[in-house]
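**Student:** Fold the stuff below for me.
(2 chains)
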Amino acid sequence: MLEVRDLHAYYGKSHILQGVGMRIDAGEVVSLLGRNGVGRSTTVKAIIGEVQPHGSILFKGHNIAGLPSHKIAHLGLGYVPEHRDIFPGLTVRQNLMLGIKDPRKPGKWRLEDMLEMFPNLAARADTAAGVMSGGEKQMLTICRTLMGDPELVMIDEPTEGLAPIIVQQVGDLIAEIARRGVAILLVEQKLSIAMRISHRLYVMGHGRIVFEGTPADLKANGAIRREWLEV
Amino acid sequence: MLELIVISTLNGVLSGMQLFLMASGLTVIFSMLGVLNLAHASFYMLGAFFGYQISRWFGFWPALLIAPLLAGAIGAGVERFGLRRVHNSGHVAELLFTFGLAFAIEELVQIIWGKSPVDFRVPPSLDFPAFTIFSTNYPVYKMFMLLVSVAIFTALLITLKKTRIGLIVQAALTHPHMVGHLGHNVGRIFMLVFGIGTALAAVAGVIAGPALVTQSNMAGSLGPILFVVVVVGGLGSLPGAFVASLLIGLIQTFAVSMNGSLAGAFGPLGAADEPTWLADIWGVTIAQIAPVIPYALLVLILIFRPMGLLGTRDT
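**Tutor:** Purely as a prediction, here's the structure:
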């Protein structure tokens, strides 16, 4: 579904991504792991066009490298940024409504389902989204992207700065999304969630993919974990 | 005294609503595109001149509709083919672009209509007194201006708060990238907002043209006040622009109708009669300093509340 080949990206003169290659199939949950600063978020930002990409990014056969963001979204690629960009002045319900790309074509995620799945969001449906807690904002950002009916969602650091119990809930939500057949690319630093829900994992180091395999493979490979993941 | 207060309040609210027609567009464009459109008042002038020309050909009512549409289309074109290209070169380039545009529009207007005022009159159907309060005839055209401004303000508010496109605009004010990632065409929204903003300025121009003087310097005389309004209200804040528009409208109209001076205020205690070098200042009336008051307010706001009355930005 998504195939990235020889992807390079730069911040000014620093060469951040140095030939990243990865692949995500329909309905698959794939995690992108690595320490801070190795280029995980940049990889996702280059795919979505927020950072200028150099290389080939094929999504459902279309080369999306450098396309305007709304065109990428309309092809069915959703993006949940790491800084939880909710629209603070709008209500929770309005935030969710804006996730819908075309109000004439309802997708498989309906507003009522979302509110049913998350009693917390339902209770605050008509309050300004800006006053919610970090965990609720994270749930809202993910749900808002789902309203647009994506076939693949890229979720950047969803559990950063959240309490362990909320981390658990976010993990459950991601598992539920996968169960409904949406492919997921999860960018994470915490091994626990990634190991629990992923079909496959990539580990990044110094702007490149240094490991690819199943959670079992990674568990068995102590050298990779010591060199690229454990602090 | 009561008469003065009633008439000045009416005129002040009217002038404030007129300012708001322009300030609303300017401030929404600023929050969305991050560029202070220095040519905004030029679209007000374009509105007045288009209105004059079209009303000569087809009458006032078609002009009221067509002139803003025309100016709005030019505005949208300016965003699509001008500002959007300049955008990559940074804010200074954008400011310079709109600065130059203001000059270009003024020159163009002078070439077509000349430098002297054109004969843009109140249509006969609106040229009679609406009512008489105390001994003053209040013209119906002024009530019409007020009505149009209030109607547009209400329509704008409903569109922004209740419609889907309004919600998208509100979201794009703070998070344009995220709005794009959700599948909305941010470029098209920017063009639309620029077009509507400049069309609103043109509406103000069409209805103000007959009441004031339709002349090629009208943009230059209005532009600075417009910036005072958006800075006092808080850059990017629509409610702020509304409050500041009314405030400045009222201050301006009240100030010109007041004859008080420092000498008068202190009465017999004052030193007005003594021929000191301060004598001139003692004798200056409020009406005389009226044009300066908005700028004095601007300075005070910048010192004590730099984000503006209802602004939220720290910088």
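**Student:** what packs against the helix or strand where residue B:144 lies?
**Tutor:** Residue B:144 is part of helix B:140-162 when elements are defined by DSSP states H and E. Helix B:140-162 sits against helix B:2-33, strand B:129-133, helix B:164-174, helix B:186-211, with contacts defined as 3 or more Cβ pairs under 8 Å, 6 or more residues apart in numbering or on different chains; DSSP states H and E. Placement of C-beta: from N, CA and C, glycine included.
**Student:** any idea which helix or strand of chain B has the worst average confidence?
**Tutor:** Every helix and strand of chain B was ranked by mean pLDDT, DSSP states H and E. The lowest is helix B:262-266, at a mean of 64.
**Student:** For the helix holding residue B:144, which outside residues touch it?
**Tutor:** B:10-11, B:13-14, B:17-18, B:20-21, B:24, B:64, B:122, B:126-130, B:165-166, B:169-170, B:200, B:203-204, B:207-208, B:210-211, B:238, B:242 (Cβ atoms under 8 Å, 6 or more residues apart in numbering or on different chains).
**Student:** Separate out the buried members of the residues you listed.
**Tutor:** For those, a burial check counting by 16 or more other Cβ atoms under 10 Å in any protein chain shown picks out B:10-11, B:13-14, B:17-18, B:20-21, B:24, B:64, B:122, B:126, B:169-170, B:200, B:203-204, B:207-208, B:210-211, B:238, B:242.
**Student:** can you narrow the residues you listed to ones near chain A?
**Tutor:** The subset of those within reach of chain A, by Cβ under 8 Å from any Cβ of the partner chain, is residue B:170.
**Student:** Pick the most deeply packed of the helices and strands packed on helix B:140-162.
**Tutor:** Sort the helices and strands packed on helix B:140-162 by mean neighbour count, taking mean count of other Cβ atoms under 10 Å in any protein chain shown, and helix B:186-211 sits at the top with a mean of 24.
**Student:** Show the secondary-structure elements that whichever strand or helix holds residue B:280 is packed against.
**Tutor:** Element membership of residue B:280, judged by DSSP H and E, is helix B:279-283. Contacts defined by 3+ Cβ pairs under 8 Å, 6+ apart place helix B:279-283 against helix B:262-266.
**Student:** Buried residues in the helix holding residue B:280, which are they?
**Tutor:** For helix B:279-283, by 16+ other Cβ under 10 Å, it's residue B:282.
**Student:** With stretch A:156-164 instead?
**Tutor:** Going by 16+ other Cβ under 10 Å, stretch A:156-164 has these buried residues: A:156, A:157, A:158, A:159, A:160, A:162.
**Student:** thinking the last one is in contact with residue A:138, fair?
**Tutor:** So that's residue A:162. Yes: assessed by Cβ atoms under 8 Å, residue A:162 is found in contact with residue A:138 at 6.7 Å.
**Student:** joint contacts of the two?
**Tutor:** residue A:170.
**Student:** now the end-to-end length of stretch A:21-34.
**Tutor:** Stretch A:21-34 has an end-to-end distance of 15 Å (Cα to Cα, to the nearest Å).
**Student:** List the contacts of it.
**Tutor:** Residues from elsewhere that reach stretch A:21-34 (Cβ under 8 Å, 6+ apart): A:1-7, A:40, A:43-44, A:151-152, A:174, A:178, A:181-189, A:191, A:194, A:197-205, A:209, A:212, A:228-229.
**Student:** So for that stretch, mean pLDDT?
**Tutor:** For stretch A:21-34, the mean per-residue pLDDT is 93.
**Student:** Just give me how far that stretch sits from the chain centre.
**Tutor:** Here stretch A:21-34 is found 10 Å from its chain centre; the criterion is Cα atoms, centre = their mean, to the nearest Å.
**Student:** returning to what we had before: in JSON lines, list the buried residues of stretch A:156-164 along with pLDDT, distance to chain B and secondary structure.
**Tutor:** Formatted as JSON lines, the buried residues of stretch A:156-164 follow (pLDDT from 0 to 100; distance: Cβ to the nearest Cβ, whole Å; DSSP: H, G, I helix; E, B strand; the rest coil):
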{"residue": "A:156", "pLDDT": "93", "distance to chain B": "11", "secondary structure": "strand"}
{"residue": "A:157", "pLDDT": "91", "distance to chain B": "15", "secondary structure": "coil"}
{"residue": "A:158", "pLDDT": "90", "distance to chain B": "15", "secondary structure": "coil"}
{"residue": "A:159", "pLDDT": "88", "distance to chain B": "20", "secondary structure": "coil"}
{"residue": "A:160", "pLDDT": "86", "distance to chain B": "17", "secondary structure": "coil"}
{"residue": "A:162", "pLDDT": "88", "distance to chain B": "20", "secondary structure": "coil"}
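**Student:** got the CA positions of the helix or strand that contains residue A:216 in PDB?
**Tutor:** Assessed by DSSP H and E, residue A:216 sits inside helix A:215-220. Taking Å, rounded to 0.1, in the frame of the first residue of the first chain, the C-alpha atoms of helix A:215-220 are listed here in PDB:
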ATOM      1  CA  PRO A 215       8.300  -8.300  17.300                       C
ATOM      2  CA  ALA A 216       9.600 -11.800  18.000                       C
ATOM      3  CA  ASP A 217      12.600 -11.100  15.800                       C
ATOM      4  CA  LEU A 218      13.400  -8.000  17.700                       C
ATOM      5  CA  LYS A 219      12.900  -9.700  21.000                       C
ATOM      6  CA  ALA A 220      15.500 -12.300  20.000                       C
END
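**Student:** Count the neighbours of residue A:27 for me.
**Tutor:** Residue A:27: 16 surrounding residues under other Cβ atoms under 10 Å in any protein chain shown.
**Student:** for it, phi and psi?
**Tutor:** Backbone torsions for residue A:27, taken as degrees, to the nearest 10, come to phi 80, psi 0.
**Student:** Near chain A, which residues of chain B are found?
**Tutor:** Going by Cβ under 8 Å from any Cβ, the residues of chain B near chain A are B:164, B:167-168, B:170-171, B:174-175, B:177-187.
**Student:** cutoff 10 Å now
**Tutor:** Contact residues, chain B versus chain A (Cβ under 10 Å from any Cβ of the partner chain): B:161, B:164, B:167-168, B:170-189, B:312.
**Student:** so how far is residue A:97 from residue A:116?
**Tutor:** Going from residue A:116 to residue A:97 by Cβ to Cβ, to the nearest Å gives 16 Å.
**Student:** Please identify which of these two sits among more neighbours.
**Tutor:** The residue with more neighbours, out of residue A:116 and residue A:97, is residue A:97; 17 against 11, by other Cβ under 10 Å.
**Student:** anything in the lengthiest helix in chain A near chain B?
**Tutor:** As assigned by DSSP state H, the longest helix anywhere in chain A is helix A:164-179. No: Helix A:164-179 is not in contact with chain B by Cβ under 10 Å from any Cβ; minimum separation 16.5 Å.
**Student:** quick one: that helix to chain centroid distance?
**Tutor:** How far helix A:164-179 lies from its chain's middle: 13 Å, per Cα atoms, centre = their mean.
**Student:** Counting by contacts, list what it packs against.
**Tutor:** Contact partners of helix A:164-179 among helices and strands, from 3 or more Cβ pairs under 10 Å, 6 or more residues apart in numbering or on different chains; DSSP states H and E: strand A:29-33, helix A:134-146, strand A:152-156, strand A:183-187, helix A:191-197.
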